[in-house]
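Novice: My questions are about this predicted structure, shown below with the sequence.
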Amino acid sequence: MLTERQKLILRAVVDDYVMTAEPVGSRTVSKREGVGFSAATIRNEMADLEEMGYLEQPHTSAGRIPSHKGYRYYVDHLMEPARLSRMEMMAFRRFFARKRDEVEQVIQETASILSQMTNYTSIILGPKVFESTLKHLQVIPLSERAAVVIFVTNTGHVEKRRISVPEGVSLSSIEKLVNLLNTKLTGIPLYKLKRVVYWELMDELRRHIDHYESVMSMIDQMLETDHGERVFFSGATNMLNQPEFQDVEKVKTLLDLFENSETMVQLFESREEGVQVRIGRENDMEAVNNCSIISATYTVDGRPLGTIGILGPTRMDYRKVITLLDVFSKHFSEHLRRLY
């Protein structure tokens, strides 16, 4: 159990280190408004905090920096919510006042503004593609035996897939098929498309489409569904501006991580309510052992759709990022509700 004096000193060290990225000495803490203790007293308390694992001393002659344990205690017990500046509030209001028609556009722009406002890397897991609904289907012939299928969903997601055209199936048959599928499948979730075709459209397809068996094989190819989540990034290179990431190998490891969508989904996926904070080794992935991840789930009508997250160094401005994510996730959810 920390004393009130130790709590005050730990909070001062974290706040100062977040701002300066320099180890914090006892004299620096003693000059802070509201501290009211001598440098000698603070030095003794900082030594005790180091012994308990809340602070670390990177060099013998230097001041102290927070440990992962110190950051965790700060986030859980000492941190006060930040107030957004007037400029940030204006940018926030302007952002959500703009009219947009596509979910993926909103997601990408949200990732962009969050990385700008935090100077960290923002990652948003988009809604699972297979849960979105079909808006339009198009087939573009490439040759007599090949074509490209283009899906457009209600979220603005566009997916292209190359398919084989069975022998004997003409261009006019494909056009007729696409018109029928657009009429019958628009507004249907992608994961239900095959079910609707096989349960509700088989008789109609038999009546109107030549080479029925071959066409059904082609439809199977056309309606294969991607079950993954799209990952939206912004500010990936912001980490290069952080003193902790001047090491080229550290940066390369992170950038490699960003390119692996499956790993990013594992790292950020969350169905818990509220803002979640994972610090350093709590992330269970060596590549981000020196990073913190703050994330929040966004919902539509109470149904979790994805995750908004910020990745930065453990020396992150937790107060600001937690406040931003809390505000953004709620307004983002409301904004998406109008598009669904």
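Specialist: Looks like it arrived, so ask away.

Novice: can you map out the helices along the stretch 151-300 of the chain?
Specialist: Counting by DSSP state H, counting those that start in this stretch, the stretch 151-300 of the chain has these helices, from start to end: 171-185, 193-196, 202-208, 212-222, 248-258, 261-268.

Novice: so where's the stretch 151-300 of the chain shaky on pLDDT?
Specialist: 225-228, 271 (pLDDT under 70).

Novice: run the last query once more with 80
Specialist: Applying pLDDT under 80 to the stretch 151-300 of the chain flags the ranges 155-156, 171-172, 208-212, 224-229, 247-251, 270-273.

Novice: same check, this time on the stretch 1-150 of the chain
Specialist: The model of the stretch 1-150 of the chain has pLDDT under 80 over residues 33-34, 59-62, 100-102, 128-131.

Novice: possible to save the helices of the stretch 151-300 of the chain as TSV with distance to residue 322 and mean neighbour count?
Specialist: Placement of C-beta: from N, CA and C, glycine included. Shown next, in TSV, are the helices of the stretch 151-300 of the chain (distance: least, CB to CB, whole Å; neighbours: other CB atoms under 10 Å):
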stretch	distance to residue 322	mean neighbour count
helix 171-185	42	16
helix 193-196	40	16
helix 202-208	53	12
helix 212-222	45	16
helix 248-258	22	14
helix 261-268	16	17
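
Novice: Which of these sits closest to residue 276?
Specialist: Of all the helices of the stretch 151-300 of the chain, helix 261-268 sits nearest to residue 276, with 9.7 Å by CB to CB.

Novice: Next, the angle helix 248-258 makes with that closest one.
Specialist: Here the directions of helix 261-268 and helix 248-258 differ by 100 degrees (axes from the mean of the first three to the mean of the last three CA atoms, to 10 degrees).

Novice: Against which helices or strands is helix 261-268 packed?
Specialist: Helix 261-268 sits against strand 121-128, strand 229-234, helix 248-258, strand 291-300, with contacts defined as 3 or more CB pairs under 8 Å, 6 or more residues apart in numbering; DSSP states H and E.

Novice: From start to finish, how long is stretch 283-296 in a straight line?
Specialist: 15 Å (CA to CA, to the nearest Å).

Novice: before we move on, the earlier item: and the helices of the stretch 151-300 of the chain: which comes nearest residue 54?
Specialist: Ranking the helices of the stretch 151-300 of the chain by distance to residue 54, with CB to CB as the measure, places helix 248-258 first at 24.5 Å.

Novice: Please compute how far that closest one lies from its chain's middle.
Specialist: 18 Å (CA atoms, centre = their mean, to the nearest Å).

Novice: before we move on, what about stretch 61-79?
Specialist: 26 Å.

Novice: same deal with stretch 178-189?
Specialist: Mean C-alpha position of stretch 178-189 versus that of the full chain (CA atoms, centre = their mean) differs by 31 Å.
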